[in-house]
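Engineer: A structural model of the following input is requested.
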Amino acid sequence: GPQARNKVFEIEKAAMQAADLVFAVSGYTRDCILQHYRIDASKIFVVYNGVDEDAPLPQASKPQGKIKEKKVLFLGRVTRQKGPTYLIETAIQVLKRLPKVKFVVAGTGNSLRELMLYAKKREVFNSFEFTGFASPGQVAQLLAGADVYFMPSVSEPFGLAGLEAAQASVPVVVSKQSGLGEVLPGALQADYWDTVTFSDYLYKLLTDPAWHQQKVALNDKQLKRITWARAAEDIIFHFEKLLGNTVEILRQET
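Structural biologist: Residues are numbered from 1 along each chain as shown. As a prediction, the model looks like this:
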């Protein structure tokens, strides 16, 4: 946004101005490029991220001797961009209706300490679990135990962690200020500041198994179309269109 007019912004703008093609990971990102960088729209194309089809899928953990505690997973960098304050405010409203929900925050970032202090101030710290940095194996375990993935990002170019959650059959709740909802029909969206709607979504996903499964099924069906192979094909298509026969000549020479 306007507050990010720094050296990095100028480097990004110069690079996009010099480029013949600019690939945006979502329509949301493309709109941001047009609005903030003023790049020629005719050379910006959306190529969505994909899922790793060969990645082992997390296996849901089974409760032993008691009902499994409901868990909402926030997975990613803990920075202002990811909307951690809105996570706390949403949690407060959910906990009023479902006191035994655990909110798991997996990741590190410059807002982590601030988030923890804010959770204490709002008297919900005991309903949170802060894991710190999570390795790929730990991420798989967290997804296996999660009932919902939640990311109220203030601005999110795409949201790859949410795609991984959908691949693990975890329903996804994200902000409208992210690109993920463009490829996941089952993703539930609200403006990042709309904690009331977010809390309603989380409550229903945690208490209505049929609705929960419906959202998972919608995403499962779409995931077959969201692959890295398809992303590569899209990029090659635009390369060939730009370079014409040059690509074919280079292929023959190699």
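
Engineer: ok, now which ones touch the residue most central in space within the chain?
Structural biologist: By Cα atoms, centre = their mean, the chain has its centre lying nearest to Gly159, at 2.6 Å. Contacts for Gly159 were tallied using Cβ atoms under 8 Å, 6 or more residues apart in numbering; they are 151, 153, 174, 178-180. Placement of C-beta: from N, CA and C, glycine included.

Engineer: what's the ChimeraX line that selects buried ones from those?
Structural biologist: Only the buried members of these enter the following ChimeraX selection, criterion being 16 or more other Cβ atoms under 10 Å:
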select :151,153,174,178,179,180
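
Engineer: need the contacts of Gly159 in TSV with pLDDT, can you?
Structural biologist: Output for those, formatted as TSV (pLDDT from 0 to 100):
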residue	pLDDT
Met151	96
Ser153	95
Val174	97
Ser178	94
Gly179	95
Leu180	95
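
Engineer: okay if I get the contacts of Gly159 as a markdown table plus secondary structure?
Structural biologist: A markdown table is the format used below for these (DSSP: H, G, I helix; E, B strand; the rest coil):
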| residue | secondary structure |
| --- | --- |
| Met151 | strand |
| Ser153 | coil |
| Val174 | strand |
| Ser178 | strand |
| Gly179 | coil |
| Leu180 | helix |
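
Engineer: determine which two of the contacts of Gly159 are furthest apart.
Structural biologist: Met151 and Gly179 (11.8 Å; Cβ to Cβ).

Engineer: average pLDDT across stretch 107-120?
Structural biologist: Average pLDDT, stretch 107-120: 95.

Engineer: buried residues, it. List them.
Structural biologist: The neighbour-count check on stretch 107-120 (16+ other Cβ under 10 Å) flags 107-109, 111-112, 115-116, 118-119 as buried.

Engineer: now do stretch 18-38
Structural biologist: Going by 16+ other Cβ under 10 Å, stretch 18-38 has these buried residues: 22-26, 28-30, 32-33, 37.

Engineer: first-to-last residue distance for it?
Structural biologist: End-to-end distance for stretch 18-38: 13 Å, by Cα to Cα, to the nearest Å.

Engineer: in contact with the nearest residue to Tyr192 once chain neighbours are set aside, which residues?
Structural biologist: Leaving aside its chain neighbours, Tyr192 sits nearest to Ser175 (4.0 Å; criterion: Cβ to Cβ, 6 or more residues apart in numbering). Ser175 makes contacts with 83, 151-154, 156, 189-192, as judged by Cβ under 8 Å, 6+ apart.

Engineer: turn these into JSON lines, columns for distance to Lys224 and secondary structure.
Structural biologist: Output for these, formatted as JSON lines (distance: Cβ to Cβ, whole Å; DSSP: H, G, I helix; E, B strand; the rest coil):
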{"residue": "Gly83", "distance to Lys224": "30", "secondary structure": "coil"}
{"residue": "Met151", "distance to Lys224": "23", "secondary structure": "strand"}
{"residue": "Pro152", "distance to Lys224": "28", "secondary structure": "coil"}
{"residue": "Ser153", "distance to Lys224": "26", "secondary structure": "coil"}
{"residue": "Val154", "distance to Lys224": "31", "secondary structure": "coil"}
{"residue": "Glu156", "distance to Lys224": "23", "secondary structure": "strand"}
{"residue": "Gln189", "distance to Lys224": "22", "secondary structure": "strand"}
{"residue": "Ala190", "distance to Lys224": "27", "secondary structure": "strand"}
{"residue": "Asp191", "distance to Lys224": "30", "secondary structure": "coil"}
{"residue": "Tyr192", "distance to Lys224": "29", "secondary structure": "coil"}
